[in-house]
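Asker: My questions concern the predicted model and sequence given below.
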Amino acid sequence: MVAAQILIVDDKSSFRFLLEGYLREAGYATVCAASGAEALETLERCAIDLILSDLVMPEMDGVTLLAEVHRRFPSLPFVVITAHGSVESAVAAIKQGADNYLLKPLHREELLLTISRSLEGARLRQRCDQMEGLLNERFSFENIKSVSPAMGTVLTAARQVAAFAGTTVAIYGESGAGKEVLARAIHAASGCSPTAFVPVNCAAIPETLLESELFGHVKGAFTGADGNREGKCRRAQGGTLFLDEIGDMPLPLQAKLLRVLEEKVFESLGSDVPQAADFRIIVATHRGLKELSEQGLFRTDLFYRLNVFPLAIPPLRARKEDIPHLADHFLDIFRQHQGKMQPGLSQAALASLIAHDWPGNVRELRNCLEYATIITNGELIQPEHLRLLVPVSSPQAAVPAAITLHFTFTPEEFCLEQVVARLKDWAMQQSGNNKSAAARLLKTTRKLFY
């Protein structure tokens, strides 16, 4: 492993000699400079991993050197050295970007520990930057493969809204169409850290837990709350809160989300201390929020507050020209992950993909190709390798032109509960005992039908 090279900057030769001895004895490579100007010249011709500089020097002091170094080399770690009487100057240097400071007279062990920690901190920051770069690249708009004019319109609008971090976005589309992929691309293009994208699936979390999941809670807020919990809103600060399947959010919680949007604050369960809501909200749903609001299942005021910038992703069957490009993209990913050669698709297999209806959209296409790459052994993917699921049509209740109901009750039986029960029985008979179809017939949700 190549030893880290440290630039020692001090106008006193005896002190430079002392530091150089300590560092070389510890295995570091060193370069010395007698002034700030000489240090800047050295940086232009040498690869330096860390700067160790005195604060008090003629012509250019350590703080001025620090500012110039960070202008030219923003990620280069910088440690300042100062006398005991100038601790305030060292603290000021820390505020301006120095990694650490040392007090004279120096102790060898403290010097080496500070150098080691500063170098490790720089390595961690570099790795974090690399990971964030890879994540941004993975979730960028460039990774959304499409030549479809309809999808192109959506992507153009999404790129435009990405620059406005305060604007709420509502993404509509069928399951598997890529709503979260588009939300992540908007987040990445806004310049936020990839780790500040916080997804919440409103349909997957029980109603009793969703409020705590979103806003967090304090100790004792409810039975079982043995400590404080940070909610997703807190984690999304400075980034994006992505609320998937927003149509399934319970009505009481919708009122609290409306406050977040209107007042930009939220409160943890059991606390009355407001916290700033410094994040963008992107919502997604496969259902029509306007229709839900007309049925009384979604707050109308929240619908209009969320629907500031709507984006509707067309289903894959409506943009089949994208299938060859998506297939190539997924096959490239599988080659990397599986570590095996994969020549690609045969023309017959591609024709089968294009002919398929894709009820599961892009997610179904990806799963189909992943299965095919696993079961093939170096040959072209053929139609028989494709696991194309035939969609099972759900029973639909026949709706006549006019609906006439004949329910007979005794005076003792007649009540709202019995009327609702008879209506449900009728809907189940009409739909062949299929609850989803019965719910659609009554123009309500399956959840409410239960």
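Answerer: Happy to help now that I have it.
Asker: do you know how far the residue most central in space within the chain is from His217?
Answerer: If you average the C-alpha coordinates of the chain and look for the closest C-alpha using Cα atoms, centre = their mean, you land on Phe197, 2.7 Å from that point. Remark: distance between Phe197 and His217 (Cβ to Cβ, to the nearest Å) = 23 Å. Backbone N, C-alpha and C define where each C-beta goes, glycine included.
Asker: Need the three-state assignment for Ala282.
Answerer: For residue 282 the amino acid is Ile, not Ala. For Ile282, the secondary structure call by DSSP: H, G, I helix; E, B strand; the rest coil comes out as strand.
Asker: and it, how far is that from Asn434?
Answerer: Here the criterion is Cβ to Cβ. By it, Ile282 lies 34 Å from Asn434.
Asker: Neighbour count for the two, which is higher?
Answerer: Between Ile282 and Asn434, counted using other Cβ atoms under 10 Å, Ile282 has the larger neighbour count: 29 against 17.
Asker: was I right about the more buried one contacting Ile186?
Answerer: Yes - using Cβ atoms under 8 Å, Ile282 makes contact with Ile186 at a distance of 6.5 Å.
Asker: Quickly list what's touching both of these two.
Answerer: When contacts are counted by Cβ atoms under 8 Å, 6 or more residues apart in numbering, Ile282 and Ile186 are jointly contacted by Val169, Thr240.
Asker: Please enumerate the helices of the stretch 51-200 of the chain.
Answerer: Per DSSP state H, counting those that start in this stretch, the stretch 51-200 of the chain carries helices over the ranges 62-72, 87-95, 108-138, 149-162, 179-189.
Asker: what would those helices look like in TSV with mean pLDDT and distance to Glu413?
Answerer: Below are these laid out as TSV (pLDDT from 0 to 100; distance: least, Cβ to Cβ, whole Å):
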stretch	mean pLDDT	distance to Glu413
helix 62-72	90	82
helix 87-95	79	79
helix 108-138	80	62
helix 149-162	95	54
helix 179-189	93	47
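Asker: picking up where we left off before, show the pLDDT at the residue nearest to the centre of the chain.
Answerer: According to the predicted model, the pLDDT of Phe197 comes to 91.
Asker: And for the one 4 residues further on?
Answerer: In the prediction, the pLDDT value recorded for Asn201 is 94.
Asker: Check Met1 too.
Answerer: The per-residue confidence score, pLDDT, reads 51 for Met1.
Asker: Which segments of this structure make up each domain?
Answerer: Split into domains by automatic domain parsing, the chain comes to 5-134, 158-312, 316-385, 394-450.
Asker: Leu297 falls within a helix, correct?
Answerer: No - under the criterion used here (three-state DSSP), Leu297 is coil, not part of a helix.
Asker: Quick one: residues contacting the closest residue to Pro314 other than its chain neighbours.
Answerer: In this structure, Pro314 finds its nearest non-sequential neighbour in Ala150, 4.7 Å apart by Cβ to Cβ, 6 or more residues apart in numbering. Under the criterion of Cβ under 8 Å, 6+ apart, the contact list for Ala150 reads Pro314, Ala318, Arg319.
Asker: Quick check: the gap between Ala150 and Ile313.
Answerer: 9 Å.
Asker: so what's the backbone phi/psi at the spatially closest residue to Glu174 that is not a sequence neighbour?
Answerer: Spatial nearest neighbour of Glu174, excluding adjacent residues (Cβ to Cβ, 6+ apart): Pro315 at 5.0 Å. With angles defined as degrees, to the nearest 10, Pro315 sits at phi -70, psi 160.
Asker: And Leu269, by the same measure?
Answerer: The main-chain torsion angles of Leu269 are listed as degrees, to the nearest 10 and equal phi -60, psi 130.
Asker: Next, count neighbours for it.
Answerer: Counted with other Cβ under 10 Å, residues neighbouring Leu269 total 16.
Asker: same thing with the one 5 residues further on?
Answerer: Under the neighbour criterion other Cβ under 10 Å, Pro274 is assigned a count of 13.
Asker: list the contacts for it?
Answerer: Under the contact definition (Cβ under 8 Å, 6+ apart), the residues listed for Pro274 are Val265, Phe266, Glu267.
Asker: residues contacting the second one?
Answerer: Going by Cβ under 8 Å, 6+ apart, Phe266 touches Leu214, Phe215, Gly231, Cys233, Lys256, Arg259, Val260, Pro274, Gln275, Ala277.
Asker: Show me where this structure has its strands.
Answerer: Secondary structure of the chain (DSSP state E): strands at 5-9, 29-33, 50-54, 78-83, 100-104, 169-172, 197-201, 240-244, 265-266, 275-276, 280-285, 309-312.
Asker: Next, format these as CSV and append distance to Leu442.
Answerer: Compiled in CSV, the strands of the chain are given as follows (distance: least, Cβ to Cβ, whole Å):
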stretch, distance to Leu442
strand 5-9, 75
strand 29-33, 78
strand 50-54, 70
strand 78-83, 69
strand 100-104, 68
strand 169-172, 24
strand 197-201, 26
strand 240-244, 26
strand 265-266, 35
strand 275-276, 41
strand 280-285, 21
strand 309-312, 27
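Asker: now for these, which one comes closest to Glu120?
Answerer: The closest approach between Glu120 and any of the strands of the chain, judged by Cβ to Cβ, belongs to strand 50-54 at 10.8 Å.
Asker: Narrow the contacts of Ala150 to those that are buried.
Answerer: Among the contacts of Ala150, those classed as buried by 16 or more other Cβ atoms under 10 Å are Pro314, Arg319.
Asker: Now flag whichever of the contacts of Ala150 is closest to Gln430.
Answerer: Distance from Gln430 was checked for each of these by Cβ to Cβ. The minimum falls on Ala318, at 31.1 Å.
Asker: Could you report the separation of the residue lying closest to that closest one once chain neighbours are set aside from Leu380?
Answerer: With sequence-adjacent residues excluded and distances taken as Cβ to Cβ, 6+ apart, Ala318 is closest to Ala150, at 6.7 Å. Summarising the geometry, the distance separating Ala150 from Leu380, computed by Cβ to Cβ, is 31 Å.
Asker: go on, Ile333?
Answerer: 18 Å.
Asker: So, low pLDDT: which residues of the stretch 251-400 of the chain?
Answerer: Counting by pLDDT under 70, the low-confidence segments of the stretch 251-400 of the chain come to 339-340, 390-400.
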